[in-house]
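[1] What shape does this take:
(one chain, ligands or ions: 1)
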Amino acid sequence: MEIIHVAAECYPVAKAGGLGDVVGALPKYQADLGHVTKVVMPMYRTKFLYNHQWELVHEGEQFLGSQSFHYAVIKEKTNTLGFDLYLVDINGLLDREKIYGYNDDTERFMAFQIAVCDWMNKWQHKPSVVHCHDHHTGLIPFMMQHCFAFRDKLARIPTVFTVHNAQYQGWMGWDKNHYIPYYDTWKTGLLEWDKNINPLASAIKCAWKVTTVSHSYLDELKQEANGLQHLFEYEKGKSYGILNGIDTQVWDPHTDSMIVKNYGSELVEKGKWKNKKELAGQFGLDPNKPLVSFIGRLVGEKAADLLPEAISQSIYQHHGNVNFLVLGSGDPNVEDRLDNMKHHFSGYYNSFIGYSEQLSHLIYAGSDFLLMPSRVEPCGLNQLYALRYGTVPMVRNVGGLRDTVTDMGDPQGFGIRFDQASVNDITYSVGRAIDLYNNKHELYHWMRSHMMEIDHSWEGSAQQYIDLYISLQ
Ligand code: ADP
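    Numbers count the residues shown, from 1 in each chain. So this is what the prediction gives:
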């Protein structure tokens, strides 16, 4: 099969969160299964671009409304990622350092999607499937089927759309309608949700199949999906939950070059201790106390706003017998609070406000517990990395967290689960973590080595996607 993944992120080219991890790994595992796999993404000005060799494969002209734009497609020459990587360049729109967060993101991703459709339209052959990820690529299924310029050639190519996060939908007003290449106006309804153009909704309506990144998330989206719950319910017949995997080549404590001591399930105590001492040294913490860490975007979905209060309550209520470390960026107000607390709780709590891939690896390796109190969690990769590094996940019972972590109270359970995204539930769970760390050595030891052996690699899920594509041929 020839599979075309279209996305805004792909690790290690450009990553802002889990989407990047998935698009960097799934295609590689699909290629290993014997398929021709291609990733197409915008050509941001990231380090990866300057450190690799490229060849020009296509150039074209298109319109964004009444403005014409030139685009170029380049291909990485050495297949270093294990699949064919194509970057689309559009001067003035995509030539930026960051992935998102610009005032003209609507125009940037609209032009990108038009360029991708135009390029595919010029191909002599038909790929087996076009797999789009999240709202930045959500208009592609519509464009392929209903835009006059593309539909003759592209309408019969199957499309799959994966919802990694339904909170963000790419909404735009109808004043942007003229950006979309001419289409059959009878089909206008396929673009709309709640009086706006809604790329995520359009993808759910138009893609041949829709997937979400865990089963529980699909169930939850029918109840609450930032306004799209009825649409998810309506389209449930073509929707599937396929759990994300992790790239076990990148996330492997045996070989990880970003941690100070490599280890496997047999040497988990010793290996983690060395990494913990390094972390504790860097952040002025006590390596003899249990270390609870948080890594992630500091946003409401992750319940990051609860962290300042939950951390201070836990330190007070548990008499300082626990340490906390936070790595994250996002809401400036939460960033400030988490930063300012450092001085007050010096020796008990520290944070790094920002993004650091390297530090994230060291935290997964050196922490005892990883806290994820998320309000919404489509799949969650952090808990899967934690498991692989022998770090006990402390998670709210939601989405992919529910599907991948069982509570230590269950026979064979290996994590700490709680029901509410609340300060009380977090503080109580921290108490359970301290008790496990201090008093239940055998169970703690068994849990850590057991969870490191759980297979969350991509092999199984990559095949499930292939089976889905096959059903569309
Ligand atoms: P999201 O909803 O943010 O995509 P996921 O759990 O699916 O959440 O994936 C988060 C990914 O982003 C993980 O690889 C995590 O380690 C990484 N990550 C999040 N915030 C940071 C940060 N500040 N520094 C380094 N890595 C981060």
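
[2] Close to the ligand: what parts of this structure are there?
    17-19, 21, 165, 295-297, 327-329, 355-357, 360, 379-382 (C-beta under 6 Å from any ligand atom). Using the backbone N, CA and C atoms, a C-beta is placed for each residue, glycine as well.

[3] okay, now the domains of this structure?
    2-245+458-471, 265-452 (automatic domain parsing).

[4] Start and end of the first one, how far apart?
    The straight-line separation of the ends of domain 2-245+458-471 (C-alpha to C-alpha, to the nearest Å) is 14 Å.

[5] Quick check: mean pLDDT of that domain?
    In this model, domain 2-245+458-471 carries a mean pLDDT of 97.

[6] The shortest one now?
    Domain 265-452 carries an average pLDDT of 97.

[7] hang on, the earlier thing: filter the residues of the chain next to the ligand down to just the ones in strands.
    Mapping the residues of the chain next to the ligand onto strands (DSSP state E) picks out I295, G296, R297, L327, G328, S329.

[8] now, which of those residues sits nearest D184?
    Lowest distance from D184 to those (C-beta to C-beta) belongs to R297, with 38.6 Å.

[9] Which residue, other than its chain neighbours, is closest to the most centrally placed residue in the chain?
    Closest residue to the average C-alpha location of the chain: G18 at 1.5 Å, with C-alpha atoms, centre = their mean. Among residues not flanking G18 along the chain, L381 sits closest, at 4.7 Å (C-beta to C-beta, 6 or more residues apart in numbering).

[10] got it, and Q473?
    Nearest one to Q473, counting by C-beta to C-beta, 6+ apart, is S128 at 6.6 Å.

[11] That neighbour reaches E2, doesn't it?
    Yes. S128 lies in contact with E2 (C-beta atoms under 8 Å); the separation is 5.0 Å.

[12] okay, these two: which has more neighbours?
    S128 (18 against 15; other C-beta atoms under 10 Å).

[13] which residue does the protein bring closest to the ligand?
    G18 (2.1 Å; C-beta to the nearest ligand atom).

[14] so what's that residue up against?
    Listed by C-beta atoms under 8 Å, 6 or more residues apart in numbering, the contact partners of G18 are H164, V213, N244, P378, C379, G380, L381.

[15] Looking at the ones in strands among the residues of the chain next to the ligand, state which has the most neighbours.
    G296 (26 neighbours).

[16] contacting residues for that residue?
    K302, A304, L327, G328, M372, N382.

[17] One more pass at 6 Å, please.
    G296 sits next to K302, G328 when contact means C-beta atoms under 6 Å, 6 or more residues apart in numbering.

[18] Go ahead and produce PDB holding the CA coordinates of the host helix or strand of G281.
    Under the criterion of DSSP states H and E, G281 resides in helix 268-283. Written as PDB, here are the backbone C-alpha positions of helix 268-283 (Å, rounded to 0.1, in the frame of the first residue of the first chain):
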ATOM      1  CA  VAL A 268      15.300  -0.600  37.700                       C
ATOM      2  CA  GLU A 269      16.200   0.400  41.300                       C
ATOM      3  CA  LYS A 270      19.700   1.200  40.600                       C
ATOM      4  CA  GLY A 271      19.200   2.800  37.200                       C
ATOM      5  CA  LYS A 272      16.400   5.100  38.400                       C
ATOM      6  CA  TRP A 273      18.300   6.100  41.500                       C
ATOM      7  CA  LYS A 274      21.200   7.400  39.500                       C
ATOM      8  CA  ASN A 275      18.800   9.400  37.300                       C
ATOM      9  CA  LYS A 276      16.900  10.600  40.300                       C
ATOM     10  CA  LYS A 277      20.100  11.800  42.000                       C
ATOM     11  CA  GLU A 278      21.000  13.800  38.900                       C
ATOM     12  CA  LEU A 279      17.500  15.400  38.800                       C
ATOM     13  CA  ALA A 280      17.500  16.100  42.500                       C
ATOM     14  CA  GLY A 281      20.900  17.700  42.200                       C
ATOM     15  CA  GLN A 282      19.800  19.900  39.300                       C
ATOM     16  CA  PHE A 283      16.600  21.000  41.000                       C
END
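
[19] Cool, thanks, signing off.
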